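Visitor: this one's structure only:
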């Protein structure tokens with residue numbers, strides 16, 4: 001089931017089975033009331049609504065509700081697992097999720113890595129909306145969709161504003177990091193983060209395909225040492241254990257990045273992550289309470305409970 005069908009079924013279920021009002025559904029799914037009405041109409045035309053909700057269309061709904069309850073999530077989107085195009089499916093769903101929640105003057109904070117970059121590359125936001133993108137850390141620019149990427153209007157949409165932290169993700173010492181964070185060109189962007197409406201991040205796992213290894217920040221030996229200390233994953237290069245506890249690591253003080261406790265305090269943090277190799281990293285992030293919405297695949301979703 002794709003993202004839009006999943007959302008149509010959720011809205012139909014809440015409206016016709018749970019008896020929620022359109023306003024209550026709008027609030028629970030962070031959608032405008034007009035979009036709730038639009039999707040209810042689609043539910044009728046697509047035969048999701050007949051004399052009863054078509055249960056074949058909501059096979060994942062029970063699983064979604066169990067995961068939401070267990071990890072206190074606002075929402076979860078589950079896409080079919082694909083060995084060949086898993087990242088593509090996840091990021092298309094993430095882009096559609098974001099598009100549905102964009103209104104005038106939305107400020108969106110963004111993490112780094114492949115999942116975030118591809119999500120931005122799939123965005124198709126109406127030019128009637130002004131959208132501001134703010135990076136959560138240094139090192140982000142390397143992962144942004146390029147101006148010549150024909151999939152993306154990230155750089156060509158005239159109503160997009162970009163505030164990208166002009167620094168690496170990790171610098172060589174704690175002192176340099178402290179001084180760099182005080183530089184106006186960096187601090188004025190990081191100071192915008194608490195005011196963003198929506199946040200999109202990836203979840204890093206400790207394997208040789210990790211962005212942090214591809215970009216040369218770490219090597220496989222570094223990751224083995226981190227694993228021995230209990231690390232299962234990272235958010236914005238801050239490593240945590242299976243219970244979501246952030247590890248006490250010296251290089252965390254060398255980061256030009258939003259602190260994980262600040263991330264936890266933000267409104268509507270959406271994480272895009274899938275693949276069984278990331279299951280423990282996802283569980284740790286969920287147990288830590290760092291994310292509000294998870295977009296993942298069926299195989300991972302089954303493993304979460």
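Guide: Looks like it came in fine. Just so we're clear, the structure is a prediction, and the values are computed from it rather than from any experiment. Residues are numbered from 1 along each chain as shown.

Visitor: quick one: contacts of stretch 221-240?
Guide: With C-beta atoms under 8 Å, 6 or more residues apart in numbering as the test, stretch 221-240 has contacts from 111-112, 136-137, 169-170, 201, 203-208, 210, 212-213, 217, 241-242, 246-247, 249, 252, 255, 257-260, 263, 278, 280-285, 288, 290. The C-beta positions use only the backbone N, C-alpha and C, and glycine is treated the same way.

Visitor: For residue 272, give the beta-bridge partners.
Guide: residue 202, residue 295 (DSSP bridges).

Visitor: and the gap between residue 171 and residue 250?
Guide: Look at residue 171 and residue 250: by C-beta to C-beta, to the nearest Å, they are 13 Å apart.

Visitor: now residue 178
Guide: Residue 178 sits 14 Å away from residue 250, going by C-beta to C-beta.

Visitor: And those two? Which one has more around it.
Guide: Using other C-beta atoms under 10 Å, the more surrounded residue of residue 178 and residue 250 is residue 178, with 12 against 7.

Visitor: So which elements touch the helix or strand hosting that one?
Guide: Using DSSP states H and E, residue 178 falls within helix 174-182. Contacts defined by 3 or more C-beta pairs under 8 Å, 6 or more residues apart in numbering; DSSP states H and E place helix 174-182 against helix 184-190.

Visitor: buried stuff in the helix it packs on?
Guide: Using 16 or more other C-beta atoms under 10 Å as the test for burial, helix 184-190 gives 186, 189-190.

Visitor: pLDDT for these - can I get that in JSON lines?
Guide: Below are those laid out as JSON lines (pLDDT from 0 to 100):
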{"residue": "186", "pLDDT": "97"}
{"residue": "189", "pLDDT": "96"}
{"residue": "190", "pLDDT": "96"}
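
Visitor: Adding distance to residue 73, write the residues you listed out as TSV.
Guide: Shown next, in TSV, are those (distance: C-beta to C-beta, whole Å):
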residue	distance to residue 73
186	32
189	28
190	27
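
Visitor: Relative to residue 68, which of those residues is nearest.
Guide: Within the buried residues of helix 184-190, the smallest distance to residue 68 is 31.0 Å, found for residue 190 (C-beta to C-beta).

Visitor: Quick one: residues contacting the closest one.
Guide: 165, 181, 258.

Visitor: check contacts around the last one.
Guide: Read that as residue 258. By C-beta under 8 Å, 6+ apart, the contact set of residue 258 is 109, 136-137, 190, 193, 236.

Visitor: For residue 18, state which of those residues is nearest.
Guide: For the contacts of residue 258, the residue nearest residue 18 by C-beta to C-beta is residue 109; the value is 31.8 Å.

Visitor: Who does that closest one form a beta bridge with?
Guide: Counting by DSSP bridges, residue 109 forms beta bridges with residue 134, residue 199.

Visitor: My guess is it contacts residue 137. True?
Guide: No. Using C-beta atoms under 8 Å as the test, residue 109 is too far from residue 137 to be in contact (9.9 Å).

Visitor: Tell me the buried residues in the helix holding residue 178?
Guide: 177, 180-181.

Visitor: Just the closest of the residues you listed to residue 17, please.
Guide: Distance to residue 17 across the buried residues of helix 174-182 (C-beta to C-beta) is lowest for residue 181, with 49.8 Å.

Visitor: Tell me, what's the model's pLDDT at that closest one?
Guide: At residue 181, the pLDDT value in this model is 96.

Visitor: Name the residues linked to residue 234 by a beta bridge.
Guide: For residue 234, the beta-bridge partners are residue 204, residue 239 (DSSP bridges).

Visitor: rewinding a little: could you tell me which of the contacts of stretch 221-240 count as buried?
Guide: 111-112, 136-137, 169-170, 201, 203-206, 210, 212-213, 217, 241, 246, 249, 252, 255, 257-258, 260, 263, 278, 280-285, 288, 290.

Visitor: circling back to that earlier point, hmm, who's touching the helix holding residue 178?
Guide: Residues contacting helix 174-182 (C-beta under 8 Å, 6+ apart): 167, 171, 186-187, 190, 250, 253-256.

Visitor: Same question for stretch 276-289.
Guide: Stretch 276-289 has contacts (C-beta under 8 Å, 6+ apart) with 71-73, 203-207, 209, 232-235, 240-246, 260, 264, 271, 273, 291, 294, 296, 299-300, 303-304.
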